[in-house]
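[1] what would the 3D arrangement of this be:
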Amino acid sequence: MPGLPREVRSWIYNFFHHQHSVAYLKIDAQLCIAAKGGNVKHYGLSSLRIGKPVAEQLEFMEGLLPCPELPYHMAMVELPSGRVADLHLFADNACVWLIFLDATAERDNRQRLQQKAYEMTLLQERERQLNEKLQSTNEALRESQEGLSREYQRAETLLLNILPASIAERLKADEQIADNHAEVSVLFADIVGFTERARSVGAVTTLAILNYFFKAADLLSELYGCEKIKTIGDCVMVVAGLPTARSDHAEALAHYALELRKAGKRERFAGEPLGLRIGIHSGPIVAGVIGKRRFAYDLWGDTVNLASRIQTSAEPDEIRISDATHELLGPDFACDPLAETELRGTGRVRMWRLRA
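    You can find the predicted model right below:
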């Protein structure tokens with residue numbers, strides 16, 4: 001090794017000092033191996049023969065020499081022994097020194113880093129896929145929740161179309177709905193000559209008339225704080241004074257009846273104005289929810305029956321009220337007395353005609 005250039009010797013010394021393996025070849029002007037040394041066994045160079053061309057014994061040297069630009073560095077060269085070395089070529093007069101510096105550990109470390117980077121990439125890809133799946137699941141959950149919310153709101157709206165709001169809340173709390181109301185007013189109203197007119201105009205027109213009539217009944221219920229209980233054919237049943245009691249229930253329902261009659265006159269049915277028969281009676285009733293799957297809020301009692309009988313006895317476009325209702329109305333309502341009339345299932349009843 002004394003024939004090596006000083007800088008090469010210093011480098012090799014430092015490499016040995018740090019416990020690395022090093023080997024060297026001296027190549028003459030004929031590109032043959034002139035000498036070899038260092039830990040040649042470590043690199044699988046023991047079989048190299050002195051005086052023989054280096055390119056014939058090391059394939060990676062073929063075409064490399066003569067090299068016009070020295071010193072020259074070849075990094076991470078795979079050797080026949082399976083080792084990896086960094087090769088450094090230095091010029092020394094007519095000779096070339098080829099130094100083998102072990103880079104196996106660096107190669108292994110680089111491979112470990114590459115493996116870790118690959119594993120990290122796999123983990124990141126898996127994380128990305130899981131995040132996408134989570135996002136998709138969250139989106140599906142959000143859409144499902146929005147759908148449930150829409151269905152809930154739809155169910156709430158349908159429930160409020162069937163029941164008064166306070167009754168709906170009690171029903172949702174699994175409360176049995178059965179209430180006594182001491183003072184309410186009940187109204188029945190139907191369309192004059194409905195059956196004959198419906199037969200002459202057909203289904204589409206009949207349905208349009210019923211839709212107009214019941215829509216008007218709904219709107220007026222909201223306006224006067226009444227509750228539309230149900231429709232029976234072409235007849236509508238409305239009550240004032242429940243579920244929340246009010247002292248002016250008779251007046252509220254009288255205003256309702258007058259406006260409902262006006263609404264009827266604004267529409268024509270089979271070429272004639274839509275005439276109504278309306279009856280009102282005031283008194284105690286029982287109210288409750290019946291049914292399980294198709295439940296309904298309904299009223300029972302003599303007050304309901306008498307209101308229905310009064311409505312049946314009314315003349316076209318007439319609003320008939322009972323004596324009990326008349327007593328509850330204030331001076332703002334003009335009424336004409338009617339003769340006592342025999343009503344089926346009730347006997348003789350005194351009634352009044354509510355004027356416009």
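
[2] would you map the strands across the stretch 151-300 of the chain?
    178-191, 227-232, 235-240, 268-269, 272-273, 276-290, 296-300 (DSSP state E, counting those that start in this stretch).

[3] for those strands, which one ends up most surrounded?
    Across the strands of the stretch 151-300 of the chain, the average number of neighbours (mean count of other CB atoms under 10 Å) peaks for strand 235-240, which reaches a mean of 24. The way it works is simple: take the backbone N, C-alpha and C, and place the C-beta from them, glycine included.

[4] ok and it relative to strand 227-232, angle-wise?
    160 degrees (axes from the mean of the first three to the mean of the last three CA atoms, to 10 degrees).

[5] quick one: mean pLDDT for the helix or strand harbouring Glu127?
    Taking DSSP states H and E as the definition, one finds Glu127 inside helix 104-162. What helix 104-162 shows for mean pLDDT is 87.

[6] tell me which other helices or strands it touches.
    strand 84-92, helix 165-172 (3 or more CB pairs under 8 Å, 6 or more residues apart in numbering; DSSP states H and E).

[7] and Arg353, which of the strands of the stretch 151-300 of the chain is closest to it?
    With respect to Arg353, and counting by CB to CB, the nearest of those is strand 276-290 at 10.5 Å.

[8] who does that closest one pair up with?
    Within its sheet, strand 276-290 is paired with strand 178-191 (antiparallel), strand 296-300 (antiparallel), strand 319-322 (parallel), according to DSSP bridges.

[9] any chance of those in a markdown table, plus distance to Ala55 and mean pLDDT?
    Shown next, in a markdown table, are the strands paired with strand 276-290 (distance: least, CB to CB, whole Å; pLDDT from 0 to 100):
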| stretch | distance to Ala55 | mean pLDDT |
| --- | --- | --- |
| strand 178-191 | 110 | 94 |
| strand 296-300 | 105 | 88 |
| strand 319-322 | 123 | 94 |
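
[10] those strands: which one's closest to Asp108?
    strand 296-300 (83.3 Å).

[11] looking at the strands of the stretch 151-300 of the chain, spot the one closest to Ala334.
    strand 276-290 (15.0 Å).

[12] and the angle for that closest one with helix 165-172?
    Using the same axes, to 10 degrees, strand 276-290 lies at 30 degrees relative to helix 165-172.

[13] find the residue at the geometric middle of this structure.
    Glu143 (2.2 Å; CA atoms, centre = their mean).

[14] what about it, distance to Val236?
    Plainly put, Glu143 is 40 Å away from Val236 if you go by CB to CB, to the nearest Å.

[15] try Leu258
    Distance from Leu258 to Val236, by CB to CB: 15 Å.

[16] now swap in Ser322 and tell me
    Counting by CB to CB - Ser322 and Val236 are separated by 18 Å.

[17] send me stretch 256-271 as CSV with only the CA atoms.
    Output of stretch 256-271 as CSV, limited to C-alpha atoms (Å, rounded to 0.1, in the frame of the first residue of the first chain):
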residue,chain,number,x,y,z
TYR,A,256,-116.9,31.3,11.1
ALA,A,257,-120.3,30.3,9.8
LEU,A,258,-121.0,33.7,8.3
GLU,A,259,-117.7,33.8,6.4
LEU,A,260,-118.1,30.1,5.3
ARG,A,261,-121.4,31.0,3.8
LYS,A,262,-119.8,34.0,2.0
ALA,A,263,-117.1,31.8,0.6
GLY,A,264,-119.7,29.4,-0.7
LYS,A,265,-121.5,32.1,-2.6
ARG,A,266,-118.2,33.1,-4.4
GLU,A,267,-118.1,29.7,-6.1
ARG,A,268,-120.5,28.1,-8.6
PHE,A,269,-121.6,24.5,-8.7
ALA,A,270,-123.5,23.1,-11.7
GLY,A,271,-124.2,26.6,-12.8
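
[18] understood, closing this out.
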